[in-house]
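1. Predicted model and sequence below, questions to follow.
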Amino acid sequence: MQLLNQIRDLDFPANLPKTLLTIQQTFDRRQVEDVAAATRQALQQSGFLTRVQPGQSVAIGVGSRGITHLATIVKTTVDYLHELKSLPFIFPSMGSHAGATAEGQRQMLINLGVDPAVVGAEIRATMEIVRIGQVPAGPELYQDALAAQADHTLLINRIKPHTSFRSHIESGLAKMCAIGMGKQPGAALFHSLGVEGLRHFLAPAARIYEANTNLIGGLAILENAYHQTAEIVGLSPAEIGADREAELLIKARGLMASLPFAAIDVLVVKQLGKNISGTGLDTNVINRLKIPRQPEPADAPDIAVIAVLDLTEETHGNANGLGLANVTTARVAAKIDFEAMYTNAISSGILGMWRAHLPLTMADDRRALQVALRGCAQPPEAARMVFIQDTLSLDEFYVSPSLRPAVEAQPRLSITGEIGLSFDQKGAMMTPWRFSS
């Protein structure tokens, strides 16, 4: 409230476009038609469940990432294990997320659809860990204490490019081993090593989890640009953090959504959140890293100014990644849970501390966009403005009329309509999105 009082009257007028073009973008649409059947097939073909005997317990690790059909995949896995007469349970494998508390992590799983009443297995959450080894010349490694007590541990996670580094192994099952199962201490240790630590130690860590724990394997999920399940693959412990996971990462990169322009003067993002990306805004989409001593990506697009207007409900106030933007709104500032954001950022070490801060904050949407436009170093009528729902939703978006030639030159883009850019008397956006004052 104090912040809003101080900025309430700040106003830096600029001529915003009166209308926007509605754009449809087409990506590779390959997808799994029957997710439950594909999950069952992946479990059968992997062969790792042949080790499970009747009466044995199986800890199923599930993370904090928003994965389409996650509940179906988890439920099918639980059902299959019940058919083997084993005793499955779910445990959060998400490092320091959800405030680094057991109840917070349990609730996050439920919010993601992994409700015991739906998937048929209880959630057992703890922040306690056991040490399972150490990477030579690298970090100590830990496992969730309840998972370590089970007869077997099975992980479920999406394979995707990481938001802070490039390597043959990035986000996926190896990372879930070292950072997800390691809870807050494991996540803090790994992230304290910075980008080079993630790049060099994830694959060797996977070999220690293979040798020293009850890890039986994992389900690797690939999604297309429309957030639909493109492929589900079962990996043995030996394949996690090795060539097979690396091959799936290459596939995942090819399926990703992207912004189709070489340069953007103002990118307007309706909302960011941990359910969208670990960094709130996917750095693979916006091409911003903000990591000390690491060069910014040279890939397209080159974005001058980013404005963020809101947080997702699912992020529960964790605005990690907001520091990647240049401008935001008082609405966002009022929703931030600083305890959750700072816990996540500090646990991420140098990777998080540069991304968890308030950018220029304006009282409303209109003034936030005007400030963004004034800062992009282009005349308002020539400024290339792009409006996206979030960095996951890039199949439909809006652009200023100045981008019409660039749209018409792109085979995968089409103009499907035109809509006004309008605000109510208090500056809250009415179209193309609606925010209440």
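-> Looks like it came in fine. Source: prediction; values computed, not measured.

2. What score does the residue nearest the centre of the chain have for pLDDT?
-> Geometric centre of the chain, nearest residue: Ser277, 1.9 Å, by CA atoms, centre = their mean. Per-residue confidence (pLDDT) for Ser277: 84.

3. try the one 3 residues further on
-> The per-residue pLDDT reported for Gly280 equals 91.

4. And it, how close does it get to Val130?
-> Using CB to CB, to the nearest Å, one obtains 31 Å as the distance from Gly280 to Val130. Quick note: C-beta positions are derived from backbone N, CA and C, even for glycine.

5. would you list every one of the helices in the stretch 251-400 of the chain?
-> Applying DSSP state H, counting those that start in this stretch to the stretch 251-400 of the chain gives helices spanning 283-286, 330-335, 338-347, 350-353, 365-374.

6. Is it possible to get TSV of the ones you listed that adds mean neighbour count and mean pLDDT?
-> Below are the helices of the stretch 251-400 of the chain laid out as TSV (neighbours: other CB atoms under 10 Å; pLDDT from 0 to 100):
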stretch	mean neighbour count	mean pLDDT
helix 283-286	24	91
helix 330-335	18	96
helix 338-347	20	86
helix 350-353	22	74
helix 365-374	24	97
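
7. And the pLDDT at Pro359?
-> 96.

8. pretty sure it is touching Thr329, no?
-> No. Contact criterion CB atoms under 8 Å: Pro359 and Thr329 do not qualify, at 10.1 Å.

9. the more surrounded of those two?
-> Higher neighbour count among Pro359 and Thr329: Thr329, with 26 against 21, using other CB atoms under 10 Å.

10. how near is that one to Ala319?
-> On the measure of CB to CB, Thr329 and Ala319 end up 12 Å apart.

11. Same question for Ala71.
-> 26 Å.

12. And the two? Which one has more around it.
-> Neighbours per residue (other CB under 10 Å) separate Ala71 from Ala319, with Ala319 holding more: 30 against 18.

13. my guess is the more buried one meets Ala325, correct?
-> No. Contact criterion CB under 8 Å: Ala319 and Ala325 do not qualify, at 9.8 Å.

14. List the residues that are in contact with both of the two.
-> Leu272 (CB atoms under 8 Å, 6 or more residues apart in numbering).

15. Which strands or helices does the least confident helix or strand in the chain by mean pLDDT pack on?
-> Of all the helices and strands that make up the chain, helix 350-353 has the lowest average by mean pLDDT, DSSP states H and E, namely a mean of 74. Counting contacts by 3 or more CB pairs under 8 Å, 6 or more residues apart in numbering; DSSP states H and E, helix 350-353 packs against helix 183-192, helix 194-212, helix 338-347.

16. that older thread, out of the helices of the stretch 251-400 of the chain, nearest to Gly55?
-> Proximity to Gly55, assessed across the helices of the stretch 251-400 of the chain by CB to CB, is greatest for helix 338-347 (37.1 Å).

17. Run the angle between that closest one and helix 183-192 for me.
-> 50 degrees (axes from the mean of the first three to the mean of the last three CA atoms, to 10 degrees).

18. How about residues contacting helix 338-347?
-> Helix 338-347 is contacted from outside by 95-100, 104, 184, 187-188, 191, 274, 316-320, 352-353, 355-356, using CB under 8 Å, 6+ apart.

19. Please repeat the previous calculation with a cut-off of 7 Å.
-> Helix 338-347 is contacted from outside by 95-97, 99-100, 184, 187-188, 191, 316-320, 352-353, 355-356, using CB atoms under 7 Å, 6 or more residues apart in numbering.

20. Can I get that helix in CSV, CA atoms only?
-> What follows is helix 338-347, C-alpha atoms only, in CSV (Å, rounded to 0.1, in the frame of the first residue of the first chain):
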residue,chain,number,x,y,z
PHE,A,338,8.4,-12.2,-0.6
GLU,A,339,9.1,-15.1,1.8
ALA,A,340,8.3,-17.6,-1.0
MET,A,341,10.2,-15.6,-3.6
TYR,A,342,13.2,-14.9,-1.6
THR,A,343,13.5,-18.5,-0.3
ASN,A,344,13.4,-19.8,-3.9
ALA,A,345,15.8,-17.1,-5.1
ILE,A,346,18.4,-17.5,-2.3
SER,A,347,18.3,-21.3,-2.6
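
21. residue ranges with poor pLDDT in this structure?
-> 1, 293-294, 298, 351 (pLDDT under 70).

22. Which strand residues bridge Asn157?
-> Ala220 (DSSP bridges).

23. so how many other residues sit close to it?
-> 26.

24. For it, give me its contacts.
-> 63, 172-173, 176, 218, 220-221.

25. Doesn't Ala246 belong to a strand?
-> No. Counting by DSSP: H, G, I helix; E, B strand; the rest coil, Ala246 is not found in a strand; it is helix.

26. what's the closest non-adjacent residue to it?
-> Once flanking residues are discounted, Ala246 sits nearest to His168: 4.3 Å by CB to CB, 6 or more residues apart in numbering.

27. mind checking the SS state of the one you found?
-> Per three-state DSSP, the secondary structure class of His168 is coil.

28. same question, Trp433
-> Secondary structure state of Trp433, per three-state DSSP, is coil.

29. and it, how far is that from Asp364?
-> Distance from Trp433 to Asp364, counting by CB to CB: 13 Å.

30. same deal with Arg131?
-> According to CB to CB, Arg131 stands 51 Å off from Asp364.

31. Between these two, which is the more surrounded one?
-> Taking other CB under 10 Å, Arg131 and Asp364 do not tie; Asp364 has more neighbours (23 against 14).
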